[in-house]
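Peer 1: Sequence first, then the predicted structure:
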Amino acid sequence: MKKKFTKIGNSWAMLFTKTMLEMLDVNPEQEQVEIEFDKKVLRMEKEKK
């Protein structure tokens with residue numbers, strides 16, 4: 001899957017589709033994600049409670 005970045009003010013964002021959020025099993029209105037960087041790889045997973 002390829003995604004483009006979107007300019008928002010002085011920052012850059014990536015929009016996540018409903019399908020992507022479903023694959024992560026994340027409700028963006030109620031939950032957060034954990035993000036890790038390993039060299040040039042970004043890893044994101046549902047926040048562990």
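Peer 2: Thanks, I have it. Numbering: from 1, shown residues only.

Peer 1: C-alpha only now, for contacts and for neighbours.
Peer 2: Will do.

Peer 1: Tell me the backbone dihedrals of Lys3, please.
Peer 2: phi -130, psi 150 (degrees, to the nearest 10).

Peer 1: Please enumerate the helices of this protein.
Peer 2: Along the chain, the segments classed as helices by DSSP state H run 18-24.

Peer 1: in it, which ranges drop under the pLDDT threshold?
Peer 2: Of all residues in the chain, none has pLDDT under 70.

Peer 1: all strands of it, in order?
Peer 2: Assigned by DSSP state E, the chain shows strands spanning 6-8, 11-13, 33-38, 41-46.

Peer 1: So in that sheet, which strands flank the second one, and in what orientation?
Peer 2: If I follow you right, that is strand 11-13. Paired neighbours of strand 11-13 in the sheet (DSSP bridges): strand 6-8 (antiparallel).

Peer 1: In JSON lines, list the strands of the chain along with mean neighbour count and distance to Asn27.
Peer 2: Shown next, in JSON lines, are the strands of the chain (neighbours: other Cα atoms under 10 Å; distance: least, Cα to Cα, whole Å):
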{"stretch": "strand 6-8", "mean neighbour count": "10", "distance to Asn27": "21"}
{"stretch": "strand 11-13", "mean neighbour count": "10", "distance to Asn27": "18"}
{"stretch": "strand 33-38", "mean neighbour count": "10", "distance to Asn27": "10"}
{"stretch": "strand 41-46", "mean neighbour count": "11", "distance to Asn27": "9"}
